[in-house]
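1. need a 3D model of the sequence below.
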Amino acid sequence: MSTGSTEAAEVGTVAFVGAGPGDPNLLTRGAVRALSEADVVLLERAGIVPADLLPPAAVVAEHPGPSGEEVVAAARGGARVARVLVGDPWLDSFGSEEAGACARAGVPFEVVPGVPVATAVTAYAGVPVGAGDSPVRVQLDGTVVLSGGRAEIAAVAKARLADGADPTAPATVVVFGTTPAQHTERTTLADLADSPAPDEPVVAILPTAAEEPLPWFESRPLFGWRVLVPRTKDQAGPLVERLTRHGAVAEEVPTISVEPPRNPNQIERALHGLVEGRYAWIVFTSVNALKAVRRRLEAYGLDARAMSGVKVAAVDDKTAQALLDWGIRAELVPSGEPSSRGLIADWPAFDPDSDPLNRVFLPRADIATETLAAGLTDLGWEAEDVTAYRTVRAAPPAAPIREAIKSGAFDAVVFTSSSTVRNLVGIAGKPHPTSIVACIGPQTAKTVQEHGMRVDVVAPTPSAVVLADALAGFAQQRRDDLVAAGEQVLKPSQRRRGSSRRAPSTRRRAT
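-> Alright, predicted model coming up:
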């Protein structure tokens with residue numbers, strides 16, 4: 001079983017971002033996302049990015065010429081670098097040159113395409129440039145890019161051969177480009193001319209020379225993996241986003257539904273006490289707990305001001321951000337482990353000389369553990385544990401999803417709590433033995449094993465992002481091992497036939 005590693009998350013990365021020709025309205029969502037995450041922003045041209053899209057804490061500098069060494073140096077320090085280039089990084093600027101420097105230095109990178117200068121400016125000028133014929137042809141410094149059906153592109157290739165082109169000239173065919181199903185074929189002009197059916201839409205690239213490709217997109221560790229994410233109903237977020245960044249196709253399946261408590265009297269009495277000043281602290285151990293309290297306060301016509309005079313604690317940054325979105329800044333968030341144990345580690349002992357009240361309001365789920373309440377009691381506080389919401393098993397997923405879970409069509413499943421394990425098994429059955437199982441922590445892993453399943457990955461810290469990174473690290477190590485052994489690199493779902501891997505007694509430990 002691998003405990004994963006945060007090493008991959010700490011290594012610097014580079015995003016080559018296309019900013020378009022100058023109009024900020026042409027920046028893509030991918031560009032805005034890459035900018036928001038950057039520690040260092042290197043601009044090809046000053047002013048190409050509006051000031052309000054530049055991260056306040058980021059180092060921003062202008063590098064108008066090819067700057068491969070500067071980009072690599074910034075990333076090697078562990079920074080997330082956004083290299084912002086005019087137009088499209090590959091077509092209008094020197095992004096491929098700088099990406100090559102990253103590849104040689106072992107710095108991971110991604111490309112965020114931008115609107116090319118040629119297409120944007122001609123559109124803004126109102127000048128039509130296409131005749132509507134297929135295939136679409138673009139020529140760049142001798143390299144020809146064709147977009148259309150295989151048969152149409154084969155006809156172009158035959159015409160080039162008839163004009164005396166070298167039959168062994170390199171050609172690249174990309175199917176389902178930019179999607180998780182992308183597939184790249186390296187071939188020759190002669191083979192392209194003999195392209196067989198199916199006559200599917202493809203992009204063919206006929207370069208002037210056999211340049212070494214930089215296949216960053218299909219090289220992502222989870223590229224094309226179908227990953228099951230059992231989750232609480234109505235909750236999505238960082239885990240799915242991070243898995244997607246690693247190349248996975250994440251499919252969320254609700255396993256838990258959040259419902260009001262059967263008897264609301266207890267939570268209503270506690271909220272009246274909150275407004276009347278009976279508590280020194282209120283602790284939110286989840287976003288669901290915050291939603292439950294907020295919903296009831298707003299039903300009474302109250303808002304965040306109802307908690308004025310009460311200190312507020314949050315179990316993790318996600319809950320703290322949800323509080324901030326409501327206008328409340330948490331006084332206490334764990335400095336270490338984002339959990340009840342981490343909260344207790346930072347919680348002050350009760351001092352009767354300085355604290356007029358010793359009551360702490362804990363609005364939580366009906367299945368919450370006693371760790372926090374017991375820890376507060378040991379520190380001299382009086383913890384009032386109140387059921388703010390219930391977690392109940394969700395309805396079973398659709399039949400195709402249930403079949404995919406049982407048959408091994410999912411390459412991996414990620415569990416973020418013990419309750420998601422129990423409820424997924426209850427509504428859909430156990431994942432197939434060939435599916436990789438990743439858990440957010442030791443307790444969740446223990447629950448998985450109690451249900452007779454193997455655990456492959458445990459996140460070193462209980463974080464959704466770290467869990468996704470740990471699974472990606474496992475997948476990368478798996479790929480490296482298969483390559484080293486001379487075996488074909490297949491996804492777990494592709495190897496399931498005739499395979500049975502139920503909880504082997506010994507497994508290589510990946511780090």
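
2. quick one, strands of the stretch 101-250 of the chain?
-> 109-112, 136-140, 143-149, 170-175, 183-188, 201-206, 226-232, 249-259 (DSSP state E, counting those that start in this stretch).

3. who does the third one pair up with?
-> Applying DSSP bridges to the sheet, strand 143-149 is found paired with strand 136-140 (antiparallel), strand 201-206 (antiparallel).

4. the last one now?
-> Taking DSSP bridges as the criterion, strand 249-259 pairs within the sheet with strand 226-232 (parallel), strand 382-393 (antiparallel).

5. of the ones you listed, flag the one that's most buried.
-> Comparing the strands paired with strand 249-259 by mean neighbour count (mean count of other C-beta atoms under 10 Å), strand 226-232 ranks first with a mean of 24. Quick note: C-beta positions are derived from backbone N, CA and C, even for glycine.

6. ok, the residue nearest to Pro24 when sequence neighbours are not counted to Thr187 distance?
-> Using C-beta to C-beta, 6 or more residues apart in numbering and skipping the chain neighbours, the partner closest in space to Pro24 is Pro50 (4.8 Å). In this view, Pro50 and Thr187 are 43 Å apart by C-beta to C-beta, to the nearest Å.

7. more neighbours: the two, which one.
-> The neighbour comparison of Pro50 against Thr187 (other C-beta atoms under 10 Å) goes to Thr187, with 16 against 11.

8. that one touches Thr172, doesn't it?
-> Yes: in terms of C-beta atoms under 8 Å, Thr187 counts as a neighbour of Thr172; the distance is 7.4 Å.

9. most tightly surrounded among the strands paired with strand 143-149?
-> Ranked by mean neighbour count, these are led by strand 201-206 with a mean of 20 (mean count of other C-beta under 10 Å).

10. thinking again about what came up before, what's the pLDDT at the residue nearest to Pro24?
-> On pLDDT, Pro50 comes in at 92.

11. what strand or helix carries Gly75?
-> Rather than Gly, residue 75 is Ala. helix 68-76 (DSSP states H and E).

12. tell me which strands whichever helix or strand comes after that helix pairs with, and in which orientation.
-> Counting by DSSP H and E, the next helix or strand C-terminal to helix 68-76 is strand 80-85. When pairing is defined by DSSP bridges, strand 80-85 lines up against strand 13-18 (parallel), strand 40-43 (parallel).

13. can you tell me what sits against the longest one?
-> To tie it back to what came earlier, the one meant is strand 13-18. The contact list for strand 13-18, computed with C-beta atoms under 8 Å, 6 or more residues apart in numbering, reads 28, 30-31, 34-35, 37-38, 71, 74-75, 80-85, 87-89, 92-93, 95, 98-99, 102, 107-115.

14. mind checking which of the strands paired with strand 80-85 is nearest His246?
-> Evaluated over these, closeness to His246 peaks at strand 13-18, with 11.8 Å, by C-beta to C-beta.

15. alpha carbons of the closest one, as PDB, please.
-> Written as PDB, here are the backbone C-alpha positions of strand 13-18 (Å, rounded to 0.1, in the frame of the first residue of the first chain):
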ATOM      1  CA  THR A  13       5.200  23.800 -12.400                       C
ATOM      2  CA  VAL A  14       4.800  26.000 -15.500                       C
ATOM      3  CA  ALA A  15       1.600  26.900 -17.300                       C
ATOM      4  CA  PHE A  16       2.200  28.400 -20.700                       C
ATOM      5  CA  VAL A  17      -0.800  30.700 -21.100                       C
ATOM      6  CA  GLY A  18      -2.100  32.200 -24.300                       C
END
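
16. give me the mean pLDDT for it.
-> 96.

17. looks to me like Gln494 is in a helix.
-> Yes: assessed with DSSP: H, G, I helix; E, B strand; the rest coil, Gln494 lies in a helix.

18. separation between it and Pro55?
-> Distance, Gln494 to Pro55, using C-beta to C-beta: 40 Å.

19. and what of Asp141?
-> In terms of C-beta to C-beta, Asp141 sits 35 Å off from Pro55.

20. how about the biggest helix by length in the chain: buried residues?
-> Secondary structure assigned by DSSP state H gives helix 464-484 as the longest helix of the chain. Neighbour-count burial for helix 464-484, counted by 16 or more other C-beta atoms under 10 Å, picks out 464-479.

21. quick one, which of Asp141 and Pro55 is more surrounded?
-> Neighbours were counted for Asp141 and for Pro55 using other C-beta under 10 Å; Pro55 has more, 16 against 6.

22. wait, the more buried one touches Val40, no?
-> No: the criterion here is C-beta under 8 Å, and Pro55 misses it with Val40 at 9.5 Å.

23. mind putting the strands paired with strand 249-259 into TSV with mean pLDDT and distance to Ala345?
-> Formatted as TSV, these follow (pLDDT from 0 to 100; distance: least, C-beta to C-beta, whole Å):
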stretch	mean pLDDT	distance to Ala345
strand 226-232	90	26
strand 382-393	88	16
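
24. how is the chain carved up into domains?
-> Using automatic domain parsing, the domain parsing of the chain gives 7-119, 132-206, 220-511.

25. which one of those domains lies closest to Ala125?
-> Closest approach to Ala125 among these is made by domain 7-119 (10.9 Å; C-beta to C-beta).

26. just the helices in the stretch 251-400 of the chain please.
-> Per DSSP state H, counting those that start in this stretch, the stretch 251-400 of the chain carries helices over the ranges 265-276, 287-299, 317-325, 340-346, 371-378, 399-407.

27. so after the last one, what's the next helix or strand?
-> With elements assigned by DSSP H and E, the helix or strand that comes after helix 399-407 is strand 412-415.

28. can you tell me the strand partners of that next one and which way each runs?
-> strand 226-232 (parallel), strand 436-439 (parallel).

29. wait, what's in contact with Ile153?
-> Counting by C-beta under 8 Å, 6+ apart, Ile153 makes contact with 135, 146, 173, 192, 195, 202, 204.

30. most neighbours, which of these?
-> Neighbour tally across the contacts of Ile153 (other C-beta under 10 Å): the maximum, 27 neighbours, falls on Leu192.

31. you'd agree that one is up against Ala155?
-> No: applying C-beta under 8 Å, one finds Leu192 not in contact with Ala155, separated by 10.4 Å.

32. how about low-confidence regions in the stretch 201-350 of the chain?
-> 208-211, 232-236 (pLDDT under 70).

33. okay, now Gln494: neighbour count?
-> The number of residues packed near Gln494 is 13, by other C-beta under 10 Å.

34. relative to Ala412, how far out is it?
-> Taking C-beta to C-beta, one finds Gln494 at 13 Å from Ala412.

35. also Pro431?
-> 9 Å.

36. now the common contact residues for those two.
-> 228, 437.

37. now do the contacts for Ala120.
-> Ala120 is in contact with 20-21, 23, 26, 87, counting by C-beta under 8 Å, 6+ apart.

38. among these, the buried ones, what's the PyMOL command?
-> With 16+ other C-beta under 10 Å as the criterion, this PyMOL line picks the buried residues out of the contacts of Ala120:
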select buried, resi 20+21+26+87
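
39. quick one: which helix or strand includes Ala57?
-> Using DSSP H and E, no helix or strand contains Ala57.

40. neighbours of the residue nearest to Ser463 when sequence neighbours are not counted, how many?
-> Spatial nearest neighbour of Ser463, chain neighbours left out: Pro338 (6.7 Å); criterion: C-beta to C-beta, 6+ apart. Per other C-beta under 10 Å, the neighbour tally for Pro338 reads 20.
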